[in-house]
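[1] Starting from these lines, generate the structure:
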Amino acid sequence: DAAHCGACGNACAAGAQCIAGACRGFSRYTAAPAPPEVAWVDVCGAQRILASLDDSAQLVAMPFAFPYWGTVIAAGAQVNVSTNGFLSLDGVYSSSLSGSLPLSSSPNGVIAPQWRDLVTGANGVCLGVVGAGSARRWVVQWPNVRNYTGGGDLSFEVILHEETGIIDFVYATMTGAQSATAGIESPTGSAGVGACGSTLCTVASNTRVRFTPEP
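    You can find the predicted model right below:
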């Protein structure tokens, strides 16, 4: 805990959290192109939900404690995953067709690589944990989804890094991509960071964006 982080008597400073035996605290994120080693991770052999659906969502359990914007989303906490290209960490069911970031009303704690009206394919939304120890990553993947109007073939994913709080958006094929909300939002809906200099983007294929927590 924060009073004995990694060793007895090793207290974290005010506002910091004890994550995997190290004091970590941050109050904002910055967005930049992801490092070259960030690659598409296929997790459709693991868990699949929301197959061939429009305007739907499902609450799933966070697989590990995740430091996010000055707080910690506990392991087992309910995360809302929507067919419409976003997940939200407030534990409230939402299949909203679109939204702006930030916004104080629910859903909050939004992580949105492509938030607009979408229809999932036969694989639905795929979920999987990769890696080991405290360096695990949770991948939420929307493979071969399409726009509700205008078709398209879109495959994109979110990667949450357990220990560091880093978030990657990885876009594979984005054929026919339309303008969408893309970015992340604080748990209270008071702050947000866009994926492309703003929170409204038309994302190209093979784009990689990394959100890095800062003090």
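
[2] What does the nearest residue to residue 90 once chain neighbours are set aside show for phi and psi?
    What sits nearest to residue 90 in space, not counting adjacent residues and going by CB to CB, 6 or more residues apart in numbering, is residue 108, at 4.3 Å. For glycine as for every other residue, the C-beta is placed from the backbone atoms N, C-alpha and C. In this entry, residue 108 is assigned phi and psi values of phi -120, psi 170 (degrees, to the nearest 10).

[3] hang on, isn't residue 108 packed against residue 187?
    Yes. Between residue 108 and residue 187 there is a contact under CB atoms under 8 Å: 5.9 Å.

[4] and for those two, which residues touch both?
    Residues touching both residue 108 and residue 187 (CB atoms under 8 Å, 6 or more residues apart in numbering) are 89, 90.

[5] Which one's more surrounded, those two?
    More crowded of residue 108 and residue 187, by other CB atoms under 10 Å: residue 108, with 20 against 17.

[6] check contacts around the more buried one.
    Here residue 108 is in contact with 88, 89, 90, 92, 185, 186, 187, 188, 189 (CB under 8 Å, 6+ apart).

[7] hmm, try it at 10 Å
    By CB atoms under 10 Å, 6 or more residues apart in numbering, the contact set of residue 108 is 88-92, 94, 102, 185-190.

[8] Go through the residues you listed and give me the one with the most neighbours.
    Using other CB under 10 Å as the neighbour test, the contacts of residue 108 are led by residue 185, with 30 neighbours.

[9] Identify the bridge partners of it.
    Using DSSP bridges, the bridge partners assigned to residue 185 are residue 192.

[10] Spatially central residue for this structure, please.
    Centroid-nearest residue in the chain: residue 111, 4.1 Å away (criterion: CA atoms, centre = their mean).

[11] Tell me if it really is in a strand.
    Yes. Under DSSP: H, G, I helix; E, B strand; the rest coil, residue 111 falls within a strand.

[12] wouldn't it be in contact with residue 169 here?
    Yes. The criterion here is CB atoms under 10 Å, and residue 111 meets it with residue 169 at 8.6 Å.

[13] what's the overlap in contacts for these two?
    With CB under 10 Å, 6+ apart, residue 111 and residue 169 have common neighbours 158, 183, 184, 211.

[14] Could you pull up the contacting residues of the third one?
    Put plainly, it is residue 184. Contacts of residue 184 (CB under 10 Å, 6+ apart): 29, 31, 68-69, 86, 89, 101-102, 109-113, 158, 167, 169, 191-195, 199, 209, 211.

[15] at 6 Å what do you get?
    Residue 184 sits next to 111, 193, 211 when contact means CB atoms under 6 Å, 6 or more residues apart in numbering.

[16] Would you format these as TSV with pLDDT and distance to residue 175 included?
    Formatted as TSV, those follow (pLDDT from 0 to 100; distance: CB to CB, whole Å):
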residue	pLDDT	distance to residue 175
111	98	23
193	96	26
211	97	25
